[in-house]
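Novice: Give me a model of this one.
(one chain, ligands or ions: 2)
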Amino acid sequence: MLLVAAALVACRALAPAPAPVPAAPAPNPDLVQRGAFLFLDPGLSGDGTRSCAGCHPGGGSDYRIYREGVEVAIGAEGGRRSLPLRGLWQTAPYLWDGSLETLRATIDRMLRVEMRGGTIRPEDAVALEAYLQSIRPFDRGRIAPDGAPREPATLTSRRGFELFREAGCPECHPPPAYTRPGLFDVASDGQWSAPTLRGVSVSGPYGHDGRWSSLERALSAAGHAPEPRLSSEELHRLLAYLRLL
Ligand code: HEC
Ligand code: HEC
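Specialist: Ligands and ions are numbered 1, 2, ... in the order given. Take a look at the predicted model:
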């Protein structure tokens with residue numbers, strides 16, 4: 001009994017501490033409501049054809065690839081997959097190349113490029129930003145803040161969580177946000193932000209230009225896959241865990 005307790009304490013001590021994540025902002029509800037309208041408004045785009053929601057339905061991603069606001073084929077040179085906007089206070093700096101520090105700068109860039117020369121009144125920009133800040137992180141309620149599966153969880157997913165840590169995933173994708181600031185070279189033609197893994201199993205394609213058609217491919221890609229390579233049984237466990245996020 002004592003031995004088991006001691007072993008448990010030792011395990012806790014070895015587990016990496018959850019990465020510090022800024023507290024959720026509490027934007028003004030009136031601004032949030034006004035921002036929600038703006039998010040749907042094609043009037044913000046330069047040619048009146050598109051809204052933020054078109055590429056970010058429900059505050060998520062449409063998982064399509066764009067270059068300069070025009071849809072391009074998966075894997076096309078310079079193409080970027082649209083990003084989910086959930087829990088943005090946890091995912092700065094913004095864009096796949098991490099080049100923008102603030103949400104306001106990111107809104108301006110979206111208007112200029114993705115919204116084809118769109119404009120916004122300063123007071124509307126404040127409301128749109130408040131709306132974006134109100135979008136909660138993707139959450140199935142299946143994991144604790146330290147990333148451990150909440151009970152009842154399958155043995156496979158619990159072992160998947162162990163493997164997630166053993167394989168070094170939290171180095172770049174630490175819970176609870178499953179992303180951390182910085183650029184990483186995982187042999188995918190450049191240095192990229194580590195995308196959050198919250199809700200990652202909802203849809204692909206994966207990677208900054210959609211180069212990985214499935215989670216299996218993302219986790220088997222040379223330079224990103226753990227060394228030694230995962231066996232198919234290990235991959236199965238890891239996927240069971242990723243489906244809880
Ligand atoms: C034509 C599709 C399209 C439209 C319209 C669009 N976006 Fe985006 N959005 C993208 C793409 C693609 C990216 C990733 C670009 C990159 O990383 O270079 C992105 C990224 C973002 C990000 C960064 C997320 C992160 O975690 O880094 C934010 C914030 C954002 N968009 C907000 C908006 C807002 C607000 C609007 C409306 C004003 C909007 N977007 C309109 C396609 C679009
Ligand atoms: C050295 C940092 C690093 C490590 C370690 C790492 N990743 Fe990643 N991961 C990244 C980067 C950077 C990308 C984006 C690459 C790109 O877009 O080209 C990424 C992309 C992903 C994606 C695709 C997400 C999406 O929305 O497109 C998944 C899934 C993923 N990682 C899971 C994992 C798992 C599971 C592990 C552990 C086995 C892991 N990663 C280890 C940095 C890392």
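
Novice: Is ligand 2 within reach of stretch 213-226?
Specialist: Yes. Counting by CB under 6 Å from any ligand atom, ligand 2 is contacted by stretch 213-226 at 215, 218-219, 224, 226. (C-beta placed from N, C-alpha, C; glycine too.)

Novice: For that stretch, what does the pLDDT average out to?
Specialist: Per-residue pLDDT over stretch 213-226 has a mean of 96.

Novice: and if you look at stretch 235-245?
Specialist: For stretch 235-245, mean pLDDT is 98.

Novice: what's that stretch in contact with?
Specialist: 138, 140, 142-143, 149, 153-154, 156-157, 159-161, 163-164, 167, 178, 197-201, 215-216, 219-220, 230 (CB atoms under 8 Å, 6 or more residues apart in numbering).

Novice: T106 in helix, strand or coil?
Specialist: helix (DSSP: H, G, I helix; E, B strand; the rest coil).

Novice: State the pLDDT value of the nearest residue to it once chain neighbours are set aside.
Specialist: Leaving aside its chain neighbours, T106 sits nearest to Y94 (4.4 Å; criterion: CB to CB, 6 or more residues apart in numbering). We have a pLDDT of 97 for Y94.

Novice: Bridged to Y94, which residues?
Specialist: Using DSSP bridges, the bridge partners assigned to Y94 are L100.

Novice: can you pull the contacts of the most centrally placed residue in the chain?
Specialist: Most central in the chain under CA atoms, centre = their mean is T196, positioned 2.8 Å from the mean C-alpha point. Residues in contact with T196 (CB under 8 Å, 6+ apart) are 84, 86-87, 90-91, 137-138, 173, 177-179.

Novice: Let me know the distance separating the closest residue to it other than its chain neighbours from V21.
Specialist: Leaving aside its chain neighbours, T196 sits nearest to T179 (4.3 Å; criterion: CB to CB, 6+ apart). Here the criterion is CB to CB, to the nearest Å. By it, T179 lies 10 Å from V21.

Novice: just Q33 next, same as before
Specialist: 26 Å.

Novice: Neighbours of the residue nearest to T196, how many?
Specialist: 20 (other CB atoms under 10 Å).

Novice: OK, contacts around it?
Specialist: Contact analysis of T179 by CB under 8 Å, 6+ apart lists 90-91, 172-173, 193-197.

Novice: For it, which three-state class applies?
Specialist: coil.

Novice: R104 is in contact with L132, isn't it?
Specialist: No. Taking contacts as CB atoms under 8 Å, R104 lies outside contact range of L132: 10.0 Å.
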